[in-house]
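K.L.:
All I have is the shape, not the residue letters:
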Ligand code: ADP
């Protein structure tokens, strides 16, 4: 009996000790959990403050396009109520047509999509839809009304100056031709006249480029017909044959059979290919490789022009589509910096998109996406 009592007492003491130890452990773990919860609560509220104070409109969507978060700027700009919007499909929440178009744009790999958003009061926003790994998408919009206005004033200025310069230049060329007929010239005078004519022709072609760019940007390019873009590529390659041979460039094309037909302006598409393929050849090293592919995906034609040339430094990549911008990689190659600005305007007038991916020392790839269903040209409304 005594043994049994001893054993029970010992067991009870042991159970007490275990109980004390357990209580201490629970207390310790609880306080550490509390601390952690406090930290993550502080972090969460800090992130929430940041999210709510961002001046740009931000909306986070899950992978099924259900609204997860909306910031106050987005609610103000698009007249939304955050409580009502959260948990709803984004297409039931937003009504702004430009934003809807952006969301409905088919996804090409993990590429960021963007669209200009025009408001009835003249404000303009730049909206972007960025994929977020394992979350969904971030829909953001930045007000670019001021930048648009500066761009409009700058374009108008360039257009007026170009226009006014064209007539005096025509008379300079005319008179240089008359000088040659007015009497005999010595060899030096002939040479100098030839150089004047070449320079004037160079300026004239620059001015023509500028005027052309102005009219594309103003939405005056409305010609649309059914076009087989791979057929246009043949003309481009034929025209560039001289340069391809001179530099021993290996050009390869990969075009899917029965590429869909586009509704586009063939003259403008030719300009696009001439410029982008021309650049790939111009900037490539001797014996370089240029690969051109055309494929169709989700009612779009994707044109990719890749080279293994010098590549474009990251700091230049954001600017190469600007007027007159020439990269720091150009060495002695001649050019005006207008080519890609014209190309981008043409692509956008056809409701398409384009971008570059490039690594210095490895090469560049230009991507052009054109919708197959383009029916009407985009009218750029100049205010
Ligand atoms: P330009 O060729 O007259 O300079 P573009 O507008 O056609 O003007 O091109 C702008 C800039 O983009 C070029 O100055 C060059 O720095 C860069 N660039 C364009 N295409 C390529 C390419 N394939 N490889 C490397 N750089 C390129």
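P.N.:
Here it is on my side, so go on. Since we're looking at a predicted model, the values are computed, not measured. Numbering: from 1, shown residues only.

K.L.:
pLDDT score for the residue in the stretch 51-200 of the chain that the ligand sits nearest to?
P.N.:
Closest approach between the stretch 51-200 of the chain and the ligand, counting by C-beta to the nearest ligand atom: residue 158, at 15.1 Å. For the C-beta atoms, the positions are set from N, CA and C on the backbone; glycine is no exception. Residue 158 carries a pLDDT value of 83.

K.L.:
Now do it against residue 242, distance only.
P.N.:
Using C-beta to C-beta, to the nearest Å, residue 158 is found at 32 Å from residue 242.

K.L.:
Mind checking which of these two has more residues around it?
P.N.:
Neighbours were counted for residue 158 and for residue 242 using other C-beta atoms under 10 Å; residue 158 has more, 17 against 9.

K.L.:
What helix or strand is the closest residue to that one other than its chain neighbours located in?
P.N.:
Once flanking residues are discounted, residue 158 sits nearest to residue 210: 5.7 Å by C-beta to C-beta, 6 or more residues apart in numbering. Here residue 210 sits within helix 187-217, counting by DSSP states H and E.

K.L.:
is that helix anywhere near the ligand?
P.N.:
No. For helix 187-217, no contact with the ligand is found by C-beta under 6 Å from any ligand atom; the gap never falls below 9.7 Å.

K.L.:
State the mean pLDDT of that helix.
P.N.:
89.

K.L.:
Please give the centre-to-centre distance between it and its chain.
P.N.:
Taking the mean of its C-alpha atoms, helix 187-217 sits 32 Å from the chain's own mean (C-alpha atoms, centre = their mean, to the nearest Å).

K.L.:
Now do the buried residues in it.
P.N.:
The neighbour-count check on helix 187-217 (16 or more other C-beta atoms under 10 Å) flags 200, 204, 207, 209-210, 212-214, 216-217 as buried.

K.L.:
Show me which residues of the protein sit near the ligand.
P.N.:
275, 279-280, 283, 307, 309-310, 312, 316, 320, 325-327, 329-330, 335-341, 364.

K.L.:
Give me the subset of the residues you listed lying in helices.
P.N.:
Among the residues of the chain next to the ligand, the residues falling in helices (DSSP state H) are 275, 279-280, 283, 316, 339-341.

K.L.:
Tell me where the stretch 151-300 of the chain has strands.
P.N.:
Along the stretch 151-300 of the chain, the stretches classed as strands by DSSP state E, counting those that start in this stretch are 225-227, 250-255, 262-264, 289-297, 300-307.

K.L.:
And the contacts of the last one?
P.N.:
The reference is to strand 300-307. 106, 108, 229, 259-260, 262, 273, 276-277, 280-281, 283-284, 288-296, 363-372 (C-beta atoms under 8 Å, 6 or more residues apart in numbering).

K.L.:
now do 6 Å
P.N.:
For strand 300-307, the surrounding residues in contact (C-beta atoms under 6 Å, 6 or more residues apart in numbering) are 276-277, 280, 284, 288, 290-295, 363-371.

K.L.:
just the fourth one next, same as before
P.N.:
By C-beta under 6 Å, 6+ apart, the list of residues contacting strand 289-297 from outside reads 230, 249-256, 259-260, 280, 302-308.

K.L.:
so where's the stretch 51-200 of the chain shaky on pLDDT?
P.N.:
In the predicted model, the stretch 51-200 of the chain carries pLDDT under 70 at residues 106-112.

K.L.:
pull the longest helix from the protein.
P.N.:
The chain, longest helix under DSSP H: helix 2-53.

K.L.:
Could you give the separation of that helix from the chain centroid?
P.N.:
53 Å.

K.L.:
and the next helix or strand along the chain from that helix, which strands flank it?
P.N.:
For helix 2-53, the following helix or strand on the C-terminal side (DSSP H and E) is strand 57-62. Applying DSSP bridges, strand 57-62 is found paired with strand 67-70 (antiparallel), strand 136-143 (antiparallel).

K.L.:
Not counting sequence-adjacent ones, nearest residue to whatever residue of the stretch 101-250 of the chain ends up closest to the ligand?
P.N.:
Minimum separation of the stretch 101-250 of the chain from the ligand (C-beta to the nearest ligand atom) falls at residue 209, amounting to 9.7 Å. In space, and not counting its chain neighbours, residue 209 is closest to residue 338: 4.8 Å by C-beta to C-beta, 6+ apart.

K.L.:
Can you get me a residue count around that neighbour?
P.N.:
20.

K.L.:
Repeat that for residue 272.
P.N.:
Neighbour tally, residue 272, other C-beta under 10 Å: 30.

K.L.:
residue contacts, it?
P.N.:
Counted by C-beta under 6 Å, 6+ apart, residue 272 has contacts 343, 346.

K.L.:
Repeat the analysis, applying 10 Å as the threshold.
P.N.:
Contacts for residue 272 (C-beta atoms under 10 Å, 6 or more residues apart in numbering) come out as 229, 232, 236, 264-265, 303, 305, 339-340, 342-347, 350, 352, 354, 366, 368, 370.

K.L.:
Angles on the backbone of the closest residue to residue 66 other than its chain neighbours, please.
P.N.:
Excluding its sequence neighbours, the residue lying closest to residue 66 (C-beta to C-beta, 6+ apart) is residue 89, at 5.8 Å. Per-residue torsions, residue 89: phi -60, psi 140 (degrees, to the nearest 10).

K.L.:
Residue 89 touches residue 68, doesn't it?
P.N.:
No. Taking C-beta atoms under 10 Å as the definition, residue 89 is not a contact partner of residue 68, at 11.8 Å.
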